[in-house]
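A.B. asks: next comes the sequence, and after it the predicted model I'd like to discuss.
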Amino acid sequence: MNYRAIFYVLGKIFLIIGALMLLPITISIYYSERLTPAFFIPAAFLLLIGFFLIVKKPDRVEIYTKEGLVICGLSWIIMSLFGAVPFVLSDAIPNYIDAFFETCSGYSTTGATILTEIESLPKSVLFWRSFTHWIGGMGILTFMMAVVPKGEGHSMFIMKAEVPGPKAGKVVSKIQSSARILYIIYCIITVLEIIILSLFTDMRFFDAVTTSFSTAGTGGFSVMNNSIAGYNSATVEWIIIVFMFLFGVNFNLIYYVLIRKYSLAFKDEEFWTYVAVNITAVALITLNIVHQYNSVSDAVRNAFFNVNAIMSTTGFCTVDFNTWNTFSKIILVGLMFFGASVGSTGGGIKITRIMLYAKQIRADIKRILKPHAVTTIRMNGNVVEKRIIEGVNSYLVIYISILMISTILISINGFDFTSTVSSVITCLNNVGPGLEIVGPTGNYASFSLFSKLVFCFDMLAGRLELFPILVLFAPRTYKK
């Protein structure tokens, strides 16, 4: 373990997080809120620590798989610990554990909240709350790839630790350039949503910015108590539907479209599966809920919005789907597991993994029927490497184990079965709203502090694809 290299990279991460934490100060000044110390104190502390950690560059800056996982896990935990401080100092969330829960939910792009009153909060706090979604959406380490110690392999180990999916891909040959291109696309689409919401709806510019941050990060924090339903606008909902879908697509495919390599973009199996599952779920739910609404168009819009909110794991709400029939709720719970595409800002197990599991089942059935037949698993015409198959299988075992253990721990609260199970499912898949107590009109305020810490672990583990967080608890990680 190269500890000096780890602390050196963490120092650079602290500098970036500290600088980003200064942005809400401008909002505080603009709205005359006098909350500058709430953001300046933790930001200054991070900047100071970061400076001391990078003041002397280590002789060896080699970063491999173990170091990359440790850097990823530690950086997300530390930035959540410091990100909670403004909530406490501003008195928006006086209890630090509650503030830590809110921050983990923000950075992990989960969107679960303990807040019961949102609209009365200071604008700077609301900005910071949504901004954590935007920072966490593409990933702080991906954002910082340009300042990682030089060396293509070394950078790749860090990107593999943070980028969602069974395989970290590159859009160009150099990993730093890939990270830069993806972040440019991320910024452009975010700005595009801000502009469209500002020009074509009655939404205030501040609301357009914070809503776009939450959409881009597929997080779901809103500045309205009733989430997107608070705007009472079909136009707002359709615009957000489009962008939720876009942010659930693999960003590599968006890049291929931009450079006119349409064949690479539209032959992707995962994309078409994502589209097929999305449309099928919308159709089934529409047929199941149409009798609950005044018109078919209302039913279609609500189905489209909530399917994309759940599948992209954004978690915005326009209706209380707790009132929907069991059939529709079961579909939504299933979509929580599916999640979005690999290489998107969405959470969940990911469509690619689901497809690989299905392909493995088909291959196993074929081997049983034809023992001597040669079977291979392919994605987009390419043979999937054995190590990737082993990786997705290990992921599933660990995922189910964490889901079961967390559910047992949360059950200590004594809440009903549906609330208990769905709360864990939504946190581990970074979705946000669940069913019953934690439904679209509910929140996580009534859970114990211990339960909230369990949820924090689940949210961070789910966002980082489990391994970067689990590695921190493995004794062998710290042996030479």
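C.D. replies: Ah, there it is.

A.B. asks: going by C-alpha atoms from here, please, whenever you check contacts or count neighbours.
C.D. replies: Noted.

A.B. asks: give me the mean pLDDT for the host helix or strand of G73.
C.D. replies: Counting by DSSP states H and E, the secondary-structure element that holds G73 is helix 65-83. Along helix 65-83, the predicted local confidence has a mean pLDDT of 89.

A.B. asks: likewise stretch 37-57?
C.D. replies: Per-residue scores along stretch 37-57 average to 92.

A.B. asks: one step back: mind listing what's buried along the helix holding G73?
C.D. replies: The neighbour-count criterion (16 or more other C-alpha atoms under 10 Å) identifies 66-77, 79-83 as the buried residues of helix 65-83.

A.B. asks: and that helix, C-alpha only, in CSV?
C.D. replies: Listed in CSV are the C-alpha atoms of helix 65-83, where the atom choice follows Å, rounded to 0.1, in the frame of the first residue of the first chain:
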residue,chain,number,x,y,z
THR,A,65,-6.2,-1.3,-7.8
LYS,A,66,-5.9,-1.4,-4.0
GLU,A,67,-4.9,2.3,-3.7
GLY,A,68,-7.6,3.3,-6.2
LEU,A,69,-10.3,1.6,-4.2
VAL,A,70,-9.1,3.1,-0.9
ILE,A,71,-8.8,6.6,-2.4
CYS,A,72,-12.3,6.3,-3.8
GLY,A,73,-13.9,5.0,-0.6
LEU,A,74,-12.1,7.4,1.7
SER,A,75,-12.8,10.5,-0.4
TRP,A,76,-16.5,9.9,-0.6
ILE,A,77,-16.8,9.3,3.1
ILE,A,78,-14.7,12.3,4.0
MET,A,79,-16.5,14.7,1.6
SER,A,80,-19.8,13.5,3.1
LEU,A,81,-18.6,14.1,6.6
PHE,A,82,-17.5,17.7,5.8
GLY,A,83,-20.4,18.3,3.5
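
A.B. asks: check the offset of it from the chain's centre.
C.D. replies: Taking C-alpha atoms, centre = their mean, to the nearest Å, the mean C-alpha location of helix 65-83 is offset from the chain mean by 15 Å.

A.B. asks: now do whichever helix or strand comes after that helix: which elements does it pack against?
C.D. replies: Counting by DSSP H and E, the next helix or strand C-terminal to helix 65-83 is helix 85-89. Identification of packing neighbours for helix 85-89 by 3 or more C-alpha pairs under 8 Å, 6 or more residues apart in numbering; DSSP states H and E yields helix 36-54, helix 96-107.

A.B. asks: and the contacts of the last one?
C.D. replies: The contact list for helix 96-107 (C-alpha atoms under 8 Å, 6 or more residues apart in numbering) reads 76, 80-81, 83-85, 87-88, 93, 111-114, 129-130, 132-137, 219, 221, 430, 449, 452-453, 455-456, 459-460.

A.B. asks: check which element follows the helix or strand bottoming out on mean pLDDT in the chain along the chain.
C.D. replies: Evaluated with mean pLDDT, DSSP states H and E, the helix-and-strand set of the chain has its lowest mean pLDDT in helix 152-162, which scores a mean of 53. Downstream of helix 152-162, the first helix or strand assigned by DSSP H and E is helix 175-200.

A.B. asks: the helix or strand that that following helix is followed by - contacts with which helices or strands?
C.D. replies: Following helix 175-200 in sequence order, the next helix or strand is helix 205-216 (DSSP H and E). The contact analysis (3+ C-alpha pairs under 8 Å, 6+ apart) places helix 205-216 against helix 123-138, helix 175-200, helix 234-247.

A.B. asks: what comes up buried for the second one?
C.D. replies: Going by neighbour count (16+ other C-alpha under 10 Å), the buried part of helix 175-200 is 175-176, 178-183, 185-186, 189-191, 193-195, 197-198.

A.B. asks: and that helix, what's its mean pLDDT?
C.D. replies: The model assigns helix 175-200 a mean pLDDT of 88.

A.B. asks: now it against helix 234-247, angle please.
C.D. replies: With axes from the mean of the first three to the mean of the last three C-alpha atoms, to 10 degrees defining the directions, helix 175-200 sits at 170 degrees from helix 234-247.

A.B. asks: hang on, the earlier thing: narrow the contacts of helix 96-107 to those that are buried.
C.D. replies: Among the contacts of helix 96-107, those classed as buried by 16+ other C-alpha under 10 Å are 76, 80-81, 83-85, 87-88, 93, 111-114, 129-130, 132-137, 219, 221, 430, 452-453, 455-456, 459-460.

A.B. asks: coming back round to it: and the helices and strands packed on helix 85-89, which is most packed in?
C.D. replies: helix 96-107 (a mean of 27; mean count of other C-alpha atoms under 10 Å).

A.B. asks: how far off helix 123-138 does that helix point, in degrees?
C.D. replies: Taking the same axes, to 10 degrees, one finds that helix 96-107 is oriented at 50 degrees with respect to helix 123-138.

A.B. asks: how about residues contacting stretch 41-48?
C.D. replies: Counting contacts by C-alpha under 8 Å, 6+ apart, the residues outside stretch 41-48 that touch it are F14, L15, I17, G18, A19, M21, L22, F82, G83, V85, P86.

A.B. asks: before we move on, what about stretch 324-341?
C.D. replies: Residues from elsewhere that reach stretch 324-341 (C-alpha under 8 Å, 6+ apart): 165, 248-250, 270-271, 274, 281, 284-285, 288-289, 307, 310-313, 321-322, 346-352, 354, 422, 425-426, 429, 431.

A.B. asks: picking that back up, elements contacting the helix holding G73?
C.D. replies: Packing partners of helix 65-83 (3+ C-alpha pairs under 8 Å, 6+ apart): helix 3-21, helix 96-107, helix 152-162, helix 467-471.
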